[in-house]
Structures are given as C-alpha cells and as structure tokens.
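*Asks:* build me a model from this:
(6 chains)
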6 protein chains.
Amino acid sequence: MSKVVTFGEILLRLSPPSHLRLTQATSFDLYYGCAEANVAASLAKFGIPVKFITAVPPNELGESSISMIRSFGVEPVVITQGKRLGIYYFEQGASERPGKVVYDREDSSFSLLRKGMIDWESIFKDADWFHWSGITPSLSLDLAELCEEALLVADKMGLTISADLNYRPTLWKYGKNANQVMPNLVKYCDLLLGGADETEKVLGIEYNENDTQEAIFASWMKTFPKLKNIVTTQRIQANASSNGISASFWDGKNMLQSRKYNVSHIIDRIGAGDAFMAGIIYGLLTYEEDYQTALEFAVAAACLKHSISGDINLATVKEVEALMHGFGGGRVSR
Amino acid sequence: MSKVVTFGEILLRLSPPSHLRLTQATSFDLYYGCAEANVAASLAKFGIPVKFITAVPPNELGESSISMIRSFGVEPVVITQGKRLGIYYFEQGASERPGKVVYDREDSSFSLLRKGMIDWESIFKDADWFHWSGITPSLSLDLAELCEEALLVADKMGLTISADLNYRPTLWKYGKNANQVMPNLVKYCDLLLGGADETEKVLGIEYNENDTQEAIFASWMKTFPKLKNIVTTQRIQANASSNGISASFWDGKNMLQSRKYNVSHIIDRIGAGDAFMAGIIYGLLTYEEDYQTALEFAVAAACLKHSISGDINLATVKEVEALMHGFGGGRVSR
Amino acid sequence: MSKVVTFGEILLRLSPPSHLRLTQATSFDLYYGCAEANVAASLAKFGIPVKFITAVPPNELGESSISMIRSFGVEPVVITQGKRLGIYYFEQGASERPGKVVYDREDSSFSLLRKGMIDWESIFKDADWFHWSGITPSLSLDLAELCEEALLVADKMGLTISADLNYRPTLWKYGKNANQVMPNLVKYCDLLLGGADETEKVLGIEYNENDTQEAIFASWMKTFPKLKNIVTTQRIQANASSNGISASFWDGKNMLQSRKYNVSHIIDRIGAGDAFMAGIIYGLLTYEEDYQTALEFAVAAACLKHSISGDINLATVKEVEALMHGFGGGRVSR
Amino acid sequence: MSKVVTFGEILLRLSPPSHLRLTQATSFDLYYGCAEANVAASLAKFGIPVKFITAVPPNELGESSISMIRSFGVEPVVITQGKRLGIYYFEQGASERPGKVVYDREDSSFSLLRKGMIDWESIFKDADWFHWSGITPSLSLDLAELCEEALLVADKMGLTISADLNYRPTLWKYGKNANQVMPNLVKYCDLLLGGADETEKVLGIEYNENDTQEAIFASWMKTFPKLKNIVTTQRIQANASSNGISASFWDGKNMLQSRKYNVSHIIDRIGAGDAFMAGIIYGLLTYEEDYQTALEFAVAAACLKHSISGDINLATVKEVEALMHGFGGGRVSR
Amino acid sequence: MSKVVTFGEILLRLSPPSHLRLTQATSFDLYYGCAEANVAASLAKFGIPVKFITAVPPNELGESSISMIRSFGVEPVVITQGKRLGIYYFEQGASERPGKVVYDREDSSFSLLRKGMIDWESIFKDADWFHWSGITPSLSLDLAELCEEALLVADKMGLTISADLNYRPTLWKYGKNANQVMPNLVKYCDLLLGGADETEKVLGIEYNENDTQEAIFASWMKTFPKLKNIVTTQRIQANASSNGISASFWDGKNMLQSRKYNVSHIIDRIGAGDAFMAGIIYGLLTYEEDYQTALEFAVAAACLKHSISGDINLATVKEVEALMHGFGGGRVSR
Amino acid sequence: MSKVVTFGEILLRLSPPSHLRLTQATSFDLYYGCAEANVAASLAKFGIPVKFITAVPPNELGESSISMIRSFGVEPVVITQGKRLGIYYFEQGASERPGKVVYDREDSSFSLLRKGMIDWESIFKDADWFHWSGITPSLSLDLAELCEEALLVADKMGLTISADLNYRPTLWKYGKNANQVMPNLVKYCDLLLGGADETEKVLGIEYNENDTQEAIFASWMKTFPKLKNIVTTQRIQANASSNGISASFWDGKNMLQSRKYNVSHIIDRIGAGDAFMAGIIYGLLTYEEDYQTALEFAVAAACLKHSISGDINLATVKEVEALMHGFGGGRVSR
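*Replies:* Here you go, the predicted structure:
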C-alpha cells in the first residue's frame, strides 16, 4: 500500500462548548489539529499508512498533540524544540452569526523550523506521496525555504506531490506576498486544491474575472507544467448552520463535477477542506484514473466532516462510500 | 381506568454527549429503555396505570433501570437473576451522518427468562390491555415460548392485545426466522403496529410489491382473524437531523391518514415508534372508536418524541393535544 | 456620548443543559437577566454608557446578578433589601416542542420597591435617555406608582423616554388590568415597542381588527401626543428551532419595513425583543433621523440574539453592522 | 414487614459543582430532598415499605421531586397545590471554609397545608410507625396544628411515633418560639433524636449546663412520659472536609455509646442526621430490643452518608452492616 | 534499548463522575485499561519501547481501546474478532465507603483467544522482556494454554519473564483452581509480583501462617528454580481516601524494604499495582543490579498513580525520580 | 475610604477539570488572574475601592479578562494593544504529585508596555495606596522602567507603596538579574511581602544562612530606609493536598507571629500569596497600627483561599473574620 507523508504545524484548538461565545466561556473544549495534520489523520482513518512531520515544544501540550496524532496510527516524526504550541481559539457560529477564529500561533515551535533540520531522504524512503499546504510557507521565510528543500527531495525521489493552496491573507506577514513565494513551490506539484480567486494572489497568474474556470485552470497548468490535476470545492453558504457543498476536478481536459450535498445542522465545519483533500488523495490512490469516483469520494468525505466535532474527519471508508452511494443520514444504522 | 401491562427487556443505553462520535467520547450519557419499557413509561406519563414485566441482574445497573421505571409511576414486576443488563451504544447522527447503534445485549438477565417463571394470571388480574413487541421473541426460543404463554393467558382473560412487530433482522440469531415464530404469536393480537415490508419476512404472508397498502393489510386481517386494527408509520428521511413523519390506521375497511409533520432539528429519534405505540394505545383507550383522533394523538406524540433526549417520550397529554390542535413549537409557553 | 438609564428587575434563570426537559435535568445552567437588564447590558456591549436601577437581596444570588451586570461595564444602582431573587425556569424548545417558562418570581426583593426609595434626580443627572418596560408595573401597584414617579422626573429633566409594552397577561395579578395602569405611564414616552394586538389590552384604545397597522399606530399617537416613534416586530414562527423575523418603524407618517431574516437553528430566543430594543435605542442615538438604518440595526441585533445563549445579546456593533450589510453566518471570520 | 409513614416538605436543592462558590457557579447541580423525605428514601433503600406525605406545586419541579421519591420505591401521597417548590442553595464547604445554606423556601406549596387536608386515618391504615421532624411545625402555625392532627390520629391508631427535633432557629418566624409549640407535639413520641442543647429552646425544660446528659434525658422522659428512647449524635467538627462522629442511645436507664468514626474527605454532609434517623428506625424495627446494634447501625449509616452526594443516604443494609463489622473504605469491593 | 512485550485483555471502564454512586450516575466517564495494558502504557510513558498483544471486537469500542494504547506510542498487535469488549463499572470509594467494581467481561473478544492464533516467534523477535499476569489464565482454559504457549516461546528465545499473580478469586470460574494452573506458568518466570497470602491459593505451596515473609519467598524460589526476584507491596488501608504504601524486594538472599508513603486524598487507586509492576520492570532494565533503587522507583511510581484518574500511570521518569528523591506534592512546579 | 491602585498583568489560566493531568484533558477550565489582578479583586471583594492598571489585546480574551475584573467592581484602566493575552496552563496537584505551571506568556500585550504610556498622575489622584509585584519588572527592561516611573509618581504624590517580591527565577530572562533591578524599585516601598531567601537574590543584600529572620529583616530596613513593615508567610508543605500555613509581621522592632492553620483538602492553592497580600493591605487600612490583627486577617484570608477554585480569593470580610475568631469549616452556615 502507498505511504503518504504530510508536513505542517499542529495547533491547539480551544473552543467554548455548546455554542457559547468566547466571552461567555468558563471552559474550552480542546482539540489538536491543523491543515496537514488533519489530512494525515483522515488518511490513517481510511487505512493509508501515513507519516506526519512537525515540531512541538517539550511540554505537555506538545506531547498531547503528538499522542493525538499517534492514536490514529499515524507515524509522527517530531522535532522537539522551542517554547510553545501554536493556539487558535474557535467560536462555533450558529444561524446568522459566523464562526470566528482568533489566532495565537506566532513564535510556535513549528515556526522555528528551518532548512537542514529534517532528514527528508530518510523520511521519504518507502513513501509514494508528499502533501503540504500554503499555510506553512506563509509563516516565515525559513519555512518557505524548508518547503522548497522538502519539495526538491520529494521530486527527486519521484513522489507524487499535492498541495492545498489554503490562502489566508492574515498569515502572510513576513514581508513577502503569497505570489512571490508560492509559484516556486507549486511548480513541483502534481495535484492542487485551490480556487479561481487564488490565481493571481497565490499563483501570480493574471486572469480575467470573466474567464471560465476551465480557462483559469488551463492557465495554471500552462504555468506549472508538472501539474496534472486541479480540484476545487464550491460552498454555497446559506448560514453558519446550513451549507450546500460540491466540488470539481480538472484533469487538463475535462471539468468533472460532483454531486451536490445540502449540509444542514452543521456540527463543525473546520477541517472540511482537509477532509476533502484526504478524500481526493485516498480516491486517487484507490480509484486511480477513475477521477469521477475519486471526486465523489472526496466530496462525500467533506460532507461528513460537517457532522463531526473537531478538526479531523473521523469518517471511515465504509461510511464515505455509503454516502456516495446515497445512504445519507436518514436512517439509524443498527 | 384501564390498566395496561407491557413485557420486555430494559437496556442500558450509552451515548456520547454533544454529537460526539463513539470513538471520540470521554464520557457516555446514560439512559435506560427499550421498546416495551418505553411504551410503559410513556403511558404512565399520560396518566394510565401500567405494569412492566422484566428481568434484571442483581447489581447496580439492574437496580437503576428499575428505579427509572418506577420514577414514572410504572409498577415494575421484576425477576432478579443472571449477570448482566443488556447494553446498546448509541451514536447520535447529524446531517448526512446516520445515527448508529452497537448492540451488546447477549446473555442478559432478560434473555435467560423462560416459561413458568412468571405468574401471568396474577399480573393480568385487573388489567385490560397487554402489549408486547417482536423484539422479545427474536432473542431466544425460550422467550418466544414465554411470549406464547403470556398471550394464551391474556387471551383467555379477555385483555386487548397489541404488538409492535419491530423487525430487526440482526436480532434473529437462534436458528428460526421471524416468520417461523411470529405468526403463532400475532394471531392473538387485536392491534398491530407494522409496515407492509414486514408482510412476508415477519408474518409469512406472500404479497405482491404492487399491492396497495389496503390490500396488504386486508390480507393480514384475513390471516389473523382476531386482528381489528393495523397502524403503520411513514418516515420521509431527509437526513439525520430532519424528517417528515405521518401515520395511517386501517380498521379493516378504511385507511385513515394522519396529518404530516416536518420534524427538523431532531434531538433524539430513538423511541419515536414506541411513542407512537403508547400514543395509539392511549388514543384507543381514551377516544375509543374515534380512530382518527387516536391516530392524530399517536403521530403527534411520535413527533414530540424527536425533540426529547433518551428513549422515552416525556410529553404529557396536554402537550400532545396542543400539537394536535396546531400549537407547535413556534411560541414560548409562559 | 449619551447616557442611558434602564430600570427593572433582574431574575435568576435556570435552564436544563443540552435541550433536556425540566423533568430530566440533573443540573441547571445559570443565567441572570430580564427585560430591562438585558437592554442595559446590550447597550453597554454596544459601547453606550448605561446605568441600571434595580433591587436584589443581600445574598450570593443578589451579588452574582449585580456582578454579571457590572461585567458588561454597566453601572448598577442597587437597593439591597428583601429575601429573594426572582427566578424563572426556562426549558428550551426544539422542533415542534415549544420552549417553556415557569415563573417563581413573587415576593422578590424587586417587588418590594415603592415610591420614595430611589433618588431619581441624582440618577438622571447627566443622562439622556430613560427606558422601562411593561413588566415592572405589572408586578405591583407600588411598582406602577414607582414607575410613574420615575417618569415624572425623567420627563421634567428632559430625557428621551422609551418603553417596551411587553404584555404578559399572567403577570398582571394585583387587581388592575394593564389598560388601567399603562396609559398613565405610556403618555410620557417618546418611543414605544409594541404590537397592534396590545392596542386595547395594554393601551385601552378601541380598534377594529381590520384596521391597518398604520391606522392603529396613528391612533396610538393621537392618544399619546408625546409619542414620536413606534416600533414593532414580526415573528413568523415556524417551530421552536426556526423562525422568520422582521420589524417595522412608524414615525407618524411612514411605515418603514426592515429586511426579513430567516433564523434557523435557534440557540436561544429569550431576549430577542430586548436585543431589538437595545438595537433601536442605539440606532436612534447613532443614526438619529435615519430611521431606516436604525431599524435595520435593531432587527439585525435581534436576529443575532437567536444565536446566543442566555438572555443577553452579546453581539457587538461591528457584528450587527456586518449582518446589516449582508455578511451573515455563512463564513468563518479569521 | 412494618410500614413507616413520614410527613414533611421536599425541597429543590441547588448546588454549584466541583466545590465552586455560589458566586462562581455557571451551573447548579440539582437534588431534591429534605429531612423527612430523606428518612423515607433511606428507609426504602433499606427495604422498608414507606409512605411519604407532602405537598408540591402543579409544575415540573413538583413533578420531578415526586419522581425522585418514587424512584426509591417510596409510595408518595401528594397534595398538588400552590405555586412553588421551596428551594435551598447549598455551597459545599472545604477545609476551613464552612458549607453554606441559603434558604428560599417561603410560600411553598407545602407551607400552605393546613388541618383537614389530609386523610390520616387512611394513610396510617396498615402502618406501624410515623416519623416527623421539628422542621414542619417551624414553618407555620397551620403546619404545627396539622402535625398535632396527625399525631392524634397516629397515637390513637397505635403507631410508634418518632421525631427529629431538628432545631433551626432561623426557621421559627411566625411568632411562636419552638418551646411554645414543640412540647405539645413531642408528648406523642416514643423516640426522639435531639441534643442536650435543645432541652430548653425546643422542649421548654429548664436545665443546668453542668447536668450530665443522662440527667438531662431523664428530665425529658419525666416531662414526656410516653417517650421510651432518646438518641443523640456527636460531631467533632475538625473542618469542612473531616469530622469525627458518634452517637448515644438513652433507654431511660442506660446511656449506650456507639463506636466513633473518623470521617475524612467528606463528599456531602447534608442529610447525615436523616441517615442516622433512618438507621435508628431500621435498627429498632430489625434488631428490636438490641439497642446497641440498632445504634451501631444508625451511626454507621450516618458515617456512610458523608461519602454520598445529595441529601439522601444511598447506602444499602449490606453496606451499612459491612461498616458496622469493621469493613470500611480501605479496600475495593470486586 | 530493551523492548518489552505484554499480553492481556483491555477493558472498557465506566465510572460515575465526581464520586457519584453507580445508581446516581447520569453519565459515565470512560477509560480503557486492564492489568497488562496498564503496564504497557506506563512503560511506554517511561520511554521503553513496548508491544501489547490483545484481542478486540470489530466495532468502535475495540477501535477506541487500541487508539488509546497507540496514543502512548505502544505498538499494538491486535486480533480483531468476536462481538464485545469486556466492561467493568467502577464506583470510586470515599472515606469509609469502599470503591466497587462490577465486572461485565464474560464472552469478550479476548476471552475467545486460543492456542495457535498468535505468532509468538515474530512478536518476541527483538524483544528482551515478556510480562503477563494471573488475570489471563483465570479467564478460560484456552487462555491458560495460550499463556503456556507464549511462555514456552519466550523462554526458548531467552526473554526475561515477569508476572503479576493478581489473584482475583471471583474470576476463576471455569472449573480449575488457580493453584492447578498457575504453577505450570509461573515456573517460566524470572520475576514475580505477589503476596505471601497467594502462596497456597495461587502457587499451591503449603506454608505456615507464622512463617516469615523471607521463609515464604524462599519456598517460592525453591519450588520455581528459575525465579530470581520476588516483589511485594504493602498497603495499610486507612480508608478509601487515604492509604500508606510500601514495598519489598526479595532477591533470594535479602529482603530490601522501600520507603513508606502516606497517600492521602486519593484520586484513583485502580492500577496502582500495575504502576508498581511497570516501575519495577523499568527499574531493573535501568538500574540493573541496584535492586534498592529499582524498588524505590517502583513504589514511588505506585504512589504517584494514586493521584491520577484512570487505570494508567501517567507519571514520567522525571516525576517518579523527583518523588524518590524527596520532592513530593508540597510545591508547585513552575 | 482609601482607594488602592494595583498594576500588573492579567493572564488566562487554563486548567484541566477534576484533577486530570494536562495530557489527559479534553477540556480546560478557564480563569483569568495573576498576582496584582488577584490582589485588586480580593480587595474589591473586601469592599475597598480599587483601580487595576493593565494592558490586553483587542480580542475576546482581552475583553473577557477585563469583564472578570469589572465583575468585582474593580475599576480597570486598560491599554488595548498588541496581539495576545498571556497564558498559563495549571495542572492541579494531588497527594504526592505536585501542581504544575506551564507558562506561555511571552510577547503578551502587557509585555509591550513601556514608559510614557500611562498617565500615572491622573490614576493616582484620589488614591492612597499603590501595590505592585516583582513579576512585572521580571518581564522586560521596559516594564522595569515603567515600574520605576510609576513609583516615582506614587512616591511624590504620597501614596503608601507595597510590593510582593514574588521571585520566580524562570521569568528573569532579559539579561538582568532580579538583584540588579529590584533594589532600585523596592526603595520606594513602605511594605514588603518577601522571604529571607530572597535577601540576596532579589534585594542584593548579603546575609548569612544562620542569621535570624529578625536580623535579616533588620538588614532589609537598613538598606531601604523608607520600608516600615515586612511580612512573610511560612508554608509547611505536607503534600499537594494538605499544608500548614502561618505568617509573620516585622515592624522594625518586633516579629509578630500569626496563628497557624492546617489546611487539608486543598481545592486550589494558586493565589494564596495574593490573598495574603490583599489581606494585609485591608488589615493595615482597617486596623491601622494593630499589626497583630492585620496579620491574623491576612493569614486567615490566605487560609480560605486554599478552599476556592481559581486565582482569586472570593472570601468576604465577614468570612475571614469568622475564621480569625475561630469559626472554621466545621459547621454548615444556615
């Protein structure tokens, strides 16, 4: 079976229980996760052997974040250094009140990583796939360079490479814009998760707002010749409790479109994109050239994530497949 | 006032709080209940004197299950024996993720019951109605025979007899199919709760998929001449959080149809069928030949159950009647 | 900046957690609030300096209620007397099960207030606005007279005066009907929050059911010449979990109509009217003659309240304005 | 087996969880109980058939208090009337911080009872023992008269009568001192639980502080010739978390002394006196003239109560006997 | 570093929170653990590479128990089979109320294991130490034979073998007494944890109650010539909340005695013996022939376990060593 | 009445509930507090008008920390700046397991304060007392200079000045030792809370380990001539759950010694020193020259703090006085 490697930060998430606001909370529910960690855990839950590379501080919070990752059967490769685990406070939204993230992740142990600290050759040995996201190079120039170092090795060793562009403008604070950094990293990728609105801001490709999605993604492929597939998700955001979601898959020629799900009574929408990403990696590893099935698997995975507390998609392959085949939430499974 | 007797198992239900999945839980909310126990408790809440016959182990779990039953004013008749209370783990569904039941009920104290252990004559003295369900004879041949013993006595003593067919294929594991056992028990019944799809599998009656519901229920009555009324519920299962529900009543001539409720924001759908059963028993005891009103009461009761945590319908007659008369959840009662 | 004074009771609210019914609860969540206290806290959250006048007992419950008020930056003026803080038990509704309030507020410390106990001149010094509600005069004749005392002083000192009619028939138990008491108090008001159905029962004005809302509100203004503006809210009550809400503003000539919100997945609807009231006071203080904007602010505030646990609207001006401008709950704010 | 009747109020108890202070609480744990209700429930737990006579309001709080009583198998006889269930707030003490009770029980449904409302003849039929406490006559003159009414009937019908003097000075507020009321009620008693310091204040008997306990109790018996036995408990109050407890039994001739228990790590000391009272009633019903054993049973019961949350002693006869025979908490029972 | 293998069952533990009794619980805290699983997890926490061999059912409970084990970095080797995870209910004791275990572990997936199902050669490759306990052979004859199979292989492959006699009379129910089965297994052991009172009942060795502990342990060594060391713990059981603990180490010549700890304010005493066992294995692996230090490490580990909720000792080597060196709980570590 | 000003940081404290370890937590209880904030809140609870000067970030955590302070009636003076509220994780100790603090407070909003940002003249107007602690100058050179700025103004304006030396070696990380900074600040103080072991490390005064406490404190007064009184606390640290505490007061001539308390069953020992500090300030403001009474008040306050969750002493003057006069935790206050 293929072995996937993901690399990124793991954060402590603190959320008020029972839809309370941050200013009402007398306790916080505690989760650990972030983009690439979520992808790793979800893939492991799908039965894929996964390694997750990160850095945490030598304290109880660092230890707990790694225990969580290990509980899924993910193999962690950990640099223990620095002083703090990054935090994000998350207030669940409801109805017309949007969810809210307050970041407190600066100066984390992960943000202190730099080139030369990680033995990529040894990590990538026996691995088939490397996944990273745009969060990591947004955090520091050192991390952007470290990403490049990893990508060079992964590329040389012949791994399939995927990235989630994951553009968060507020994170790019070290003096570079995303589009000054990302193209140099994206060029190594076989698969991208991104949206048309990231074309210029992240990839530095000029485009016209009236261009079709097909045209835009074609321009991405032209700019990054190694790129084979592009996936993108659509969210029709009714309110904080109900959404419609669907996704598309561009293979360079055709734009495949997934089934659309109406997701009402949302439990937790954080990590839905990561659930999709894990789903598409699983799908491509499993269904190979059957892109439509891979896409349906990924969007069904993302749909199920909305019903699960925390950052990580706890759905199994069996559950995702049941939903793909039309068996949604309307019955009790006995 | 009429006294109802119900007979069946009572289980410990363990559920993660706050829509967590079973694999996330660090605590379980604890409820006690199961089909016939739920009917008994709901009837007592409606003000009907009820006896509940069961068996529990001589430990704290057995004691607690009986305390719960007693707290409703139900009179328990308990055989204390064996070693364990049956358990079911219940994971609440949400949106497109279905609810999930994991049974751990084998070798329970109840499953050790057999003929001769219960003094039916004394239990049925002063009683007017006996209710049982298809769960009990599914558990063992001994229990099927014990059901027959009870039914013979109840029939002889002139009680009205009702049953909920409650077909759960995974429970029939002792070598008999439901339709080898149930017809011999159903023949004593005056009232059945069941669905057309149980015609062959449970009742052993051949039918054609294109038959109308009227034709099917007419064939039931032909096979079981004592049968006077058949009730059935319809659930349009949008997802784990929203359903439409309605019900019908066949009196041998007419198929009465209830109002249809859209039940969104479901709190807990376990026990909705038992709430309906208690509602129809209450309705027939109260409104007698006014079957339409009895049916409306039962379906409103089932509707309210979806808004109540645990297995048991805690709605009062006044609350059910308010909903029947159109006063739903849209106001605050002060 | 303008200083607002509100006067009223503060109650202890006890609610079962997690949508449990009152008869299931093994714990109660604890909130403090009531009409005018909620208005005061919401205004303070909007950044308006506010005083809140009340009475509480000399015990821990009284102390806690005042701590809560103070935590918002409201300046409390407290008469410490009597023996008990009024209580209301609140059972959250869900789906077709309505929410339920059980009052236990008689003989509270607040209900013992009477004329002469409060130094209104000193309280109203530096203040621009006085707000009260129909709850207070419903509780006792002494409180009705105390309201009148306050209104005379406020009127003399030139404050803008607003009232929420807040008609709760079950509270008027001391031998007077609302329409025997309220007109004498309403005559001092510049702004009223009320509904057409309160015309006769609260204001003692005869009307014809077929009259337009414009005609009815015109009759109010005729009866109470000081009245400048009337606001009213519409609630389309789908069920306990989903509502539509909107509001109107009558300035004596035009009936302005607000945007309509579909509020699904309600967290807590108690205090939505108070959130609206605080919103309209903030709106008029801020947008002055721009009544439409004031109205939109108020109804957006009321909409957000439905997503917030407890009696008090914790939304900020920035959040209300975001919703007014169309940024609802469908995104995560990072 | 003997049937015991107890008569008294049942209160709602609200306590902050986890040793929080009342002013810190964001939730309250909820228990129901009070002196005579606690005695009734403990006796039922010991296997004694018990009736409990009380009054509650026609609302969910009243209903829940009766459900709790019923869950023990106690047969409630309930007058449903009035508007409120009495409340007490209880803050658990710890170390050098004493526990704290805040009463809010005035105007309760129970306090509205008066002579002629209860059919004592029918209640006492088949009963052997009547138990009451000094709480009830402290609440109103009507209740004192109702106690007398009950005692006259019980005495006439030949029941054994016991009382816990339970002197709480703050409750006697209706214009009579305890010693103007209690002697007229105590004169019907066979068994009293009280302390030497209640001699004058409750029983109106003059005494000298230097008198021995024997002399004092002899004077009680002289004043109340029907009295056969007096029990009293000693508490050496180290702090809120650790106590020493023991008890004595005066049979008119000898002062029997119990074993002394060191009770550390107290979970909840409310109801320890009621646990003792239930223990001595059980002891006398079971061990009859073996007063020493009855006393040891009662004090072991009281000791165990300190390890149990809530007002009610949940210890079984087997557990109390184990402690009596020296098997304390130092092992795990498997 | 040495690799340890442990083999045994893992159970679901359900405990009421906050010292509630089982009959009061409305929720259960959920832990996974049992003797050998606890030893494995504690050793992993000490930094020792560990494998844990067990069997669990193919459901969420089985999966969760393995996730827990994995979260410590233990490598699980799992047979997935059967239908249920064994359960034990644990009621925490307090003061004079003993803790209480209610077992519901029959017919578990683990109990279905038998010879030939496990590839011991492959498991023991690279391992230095094998640990088992007397729980496993008590459950079935098949499991006793499977133990023997494992021991034969471990012995042949030269592993150090340790056992905790862990005698629980209520578990030996399949027709053999412990002393008919255990000697045949104990004969392979290098290290035993046991007590003098197990001499006859478990090991089948006759002894005189007046014999010294030295004499008794000498007789064990005579009977089982492979045995090198015997450890035993002493518990002076004041009550459920306070204990004194110490331990001894017999090396065939000398009886080493540990420091004695007074353990007050016990949080959870389940697993203290397993913490000791893990401590002595760690101690012997680390301090080798310095038995006194190994013993002090083990008893300090057991002492710390009493302050930790759940079955598993979460103390680190650094924390255990701090306590060994006299730095107990009296300070805050910053 | 005198107005006290305190100045310092306020932190978010995150603690696992129910004595769980940090690595076990699935939720954190949330408190706000730190040295000078705790002193401010306790003084306000004692009825003293207090201002608290601090800096917090413009987010929900900053807002909540100030709401908490305001809920006590403290008047906050807040600089809103920077990006994060400092955090400390606190794991409650138990028995022989020490409590544990993990700091994550670097780069907090407070740590960005520097000279010139605060208008001390206006803050100290109407104030009589200024309190600070050694935590603040340990955080940065800017903060040390800001302290000096405040002290110069306070001294010039004639306020009484107190400091708690509060030496935490791990906090002094900016290149200066405490004794290079603190003497220059301590020289303005009238009252110090400190211990003999801080003589050299904090105050830079050489001393001999064999010197008496009197001699040491005399040397402090010689070095800092403005100093009038020195208080010090003694803690005999039995374990994490039980302590003995007492305190002394040196007035330059006599060493007054307080009563000694045995504090068992500790709920939370964080903030006991701050409770003492608030107690001694209250004591000196109230009892003036009666140093013994002031000292007894302070140590009784510190004793009570151990029974209260969170950083802040919630004891009232009445409660502290009751303990001073011998009424400890051994009774229930009704």
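
*Asks:* just for chain A, where's the confidence low?
*Replies:* Counting by pLDDT under 70, the ranges of chain A that qualify are A:1-2.

*Asks:* find the nearest non-adjacent residue to A:S108, please.
*Replies:* A:G86 (3.6 Å; Cβ to Cβ, 6 or more residues apart in numbering or on different chains). Glycine gets a C-beta too; all of them are placed from N, C-alpha and C.

*Asks:* who's in contact with that neighbour?
*Replies:* With contact set as Cβ atoms under 8 Å, 6 or more residues apart in numbering or on different chains, A:G86 has these partners: A:E9, A:L11, A:L12, A:C34, A:Y103, A:D104, A:R105, A:E106, A:S108, A:F110, A:S111.

*Asks:* could you redo the last one with a cut-off of 10 Å?
*Replies:* Contact partners of A:G86, counting by Cβ atoms under 10 Å, 6 or more residues apart in numbering or on different chains, are A:9-13, A:34, A:56-57, A:61, A:65, A:103-111, A:139.

*Asks:* out of these, list just those in strands.
*Replies:* Cross-referencing these with the strands (criterion: DSSP state E) gives A:L11, A:L12, A:R13, A:V56, A:Y103, A:D104 as the overlap.

*Asks:* run a quick neighbour tally on the fifth one.
*Replies:* The criterion is other Cβ atoms under 10 Å in any protein chain shown. On that basis, A:Y103 has 17 neighbouring residues.

*Asks:* wait, it sits on A:L171?
*Replies:* Yes. A:Y103 is within contact range of A:L171, at 7.8 Å (criterion: Cβ atoms under 10 Å).

*Asks:* rewinding a little: a markdown table please, covering the ones in strands among the contacts of A:G86 and showing distance to chain E.
*Replies:* Output for the ones in strands among the contacts of A:G86, formatted as a markdown table (distance: Cβ to the nearest Cβ, whole Å):
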| residue | distance to chain E |
| --- | --- |
| A:L11 | 18 |
| A:L12 | 16 |
| A:R13 | 18 |
| A:V56 | 14 |
| A:Y103 | 27 |
| A:D104 | 21 |
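
*Asks:* show me which pair in these is furthest apart.
*Replies:* The span of those, defined through Cβ to Cβ, is set by A:V56 and A:Y103 at 17.4 Å.

*Asks:* which parts of chain A are helices?
*Replies:* With DSSP state H, the ranges of helices along chain A come out as A:35-45, A:60-71, A:120-124, A:135-139, A:141-156, A:178-186, A:213-223, A:272-287, A:291-305, A:317-324.

*Asks:* which of those sits most buried?
*Replies:* Among the helices of chain A, the stretch with the highest mean neighbour count (mean count of other Cβ atoms under 10 Å in any protein chain shown) is helix A:35-45, at a mean of 28.

*Asks:* that one near chain F at all?
*Replies:* No. Helix A:35-45 lies apart from chain F when judged by Cβ under 10 Å from any Cβ of the partner chain; the minimum separation is 16.2 Å.

*Asks:* say whether chain C is contacted by that helix.
*Replies:* No. No part of helix A:35-45 sits close enough to chain C to count as contact by Cβ under 10 Å from any Cβ; the gap is at least 12.9 Å.

*Asks:* same check on stretch A:109-125?
*Replies:* No. For a cut-off given as Cβ under 10 Å from any Cβ, stretch A:109-125 has no contacts with chain C; the smallest distance is 17.6 Å.

*Asks:* go on, stretch A:88-97?
*Replies:* Yes. With Cβ under 10 Å from any Cβ as the threshold, stretch A:88-97 lies in contact with chain C, specifically through A:Y88, A:F90, A:E91, A:Q92, A:G93, A:A94, A:S95, A:E96, A:R97.

*Asks:* nearest to chain D among the helices of chain A would be which one?
*Replies:* helix A:60-71 (21.5 Å; Cβ to the nearest Cβ).

*Asks:* okay, the angle between that closest one and helix E:60-71?
*Replies:* If you take axes from the mean of the first three to the mean of the last three Cα atoms, to 10 degrees, helix A:60-71 sits at 130 degrees to helix E:60-71.

*Asks:* does anything pack onto helix A:60-71? Which helices or strands?
*Replies:* The contact analysis (3 or more Cβ pairs under 10 Å, 6 or more residues apart in numbering or on different chains; DSSP states H and E) places helix A:60-71 against strand A:11-15, strand A:27-33, helix A:35-45, strand A:50-56, strand A:75-80, helix E:60-71, strand F:87-91, strand F:99-104.

*Asks:* I'd say A:E214 and A:W250 touch.
*Replies:* Yes. Between A:E214 and A:W250 there is a contact under Cβ under 10 Å: 6.9 Å.

*Asks:* what residues are up against A:N177?
*Replies:* Taking Cβ under 10 Å, 6+ apart, one finds A:P169, A:K201, A:V202, A:G204 in contact with A:N177.

*Asks:* tally of neighbours for the third one?
*Replies:* Okay, so that is A:V202. Using other Cβ under 10 Å, A:V202 has 24 other residues around it.

*Asks:* now distance to F:N184 too, for the contacts of A:N177, in JSON lines please.
*Replies:* Converted to JSON lines, these look like this (distance: Cβ to Cβ, whole Å):
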{"residue": "A:P169", "distance to F:N184": "46"}
{"residue": "A:K201", "distance to F:N184": "52"}
{"residue": "A:V202", "distance to F:N184": "53"}
{"residue": "A:G204", "distance to F:N184": "55"}
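
*Asks:* any of the residues you listed buried? List them.
*Replies:* With neighbours counted by 16 or more other Cβ atoms under 10 Å in any protein chain shown, the contacts of A:N177 contain buried members at A:K201, A:V202, A:G204.

*Asks:* excluding chain neighbours, give the residue nearest to the residue of chain A found nearest chain C in space.
*Replies:* Chain C sits closest to A:Q237 of chain A, with a gap of 2.6 Å, by Cβ to the nearest Cβ. When the adjacent residues along the chain are set aside, A:Q237 lies closest to C:G330, with 2.6 Å between them (Cβ to Cβ, 6+ apart).

*Asks:* and the stretch 101-250 of chain A, which residues reach chain C?
*Replies:* With Cβ under 10 Å from any Cβ as the criterion, the stretch 101-250 of chain A comes near chain C at residues A:101-103, A:168-171, A:235-243.

*Asks:* top of the residues you listed by neighbour count?
*Replies:* For those, neighbours tallied by other Cβ under 10 Å; top is A:S241, 32 neighbours.

*Asks:* show me the contacts for the residue nearest to that residue when sequence neighbours are not counted.
*Replies:* What sits nearest to A:S241 in space, not counting adjacent residues and going by Cβ to Cβ, 6+ apart, is C:H265, at 3.7 Å. C:H265 sits next to A:19, A:93-96, A:239-242, A:264-266, B:241, B:264-265, C:241-242, C:306-307, C:329 when contact means Cβ under 10 Å, 6+ apart.

*Asks:* equivalent analysis for A:I270, please.
*Replies:* Under the criterion of Cβ under 10 Å, 6+ apart, the neighbours of A:I270 are A:13, A:15, A:31, A:33-34, A:38, A:88, A:90, A:92, A:99, A:101, A:305-306, A:309-312, C:332.
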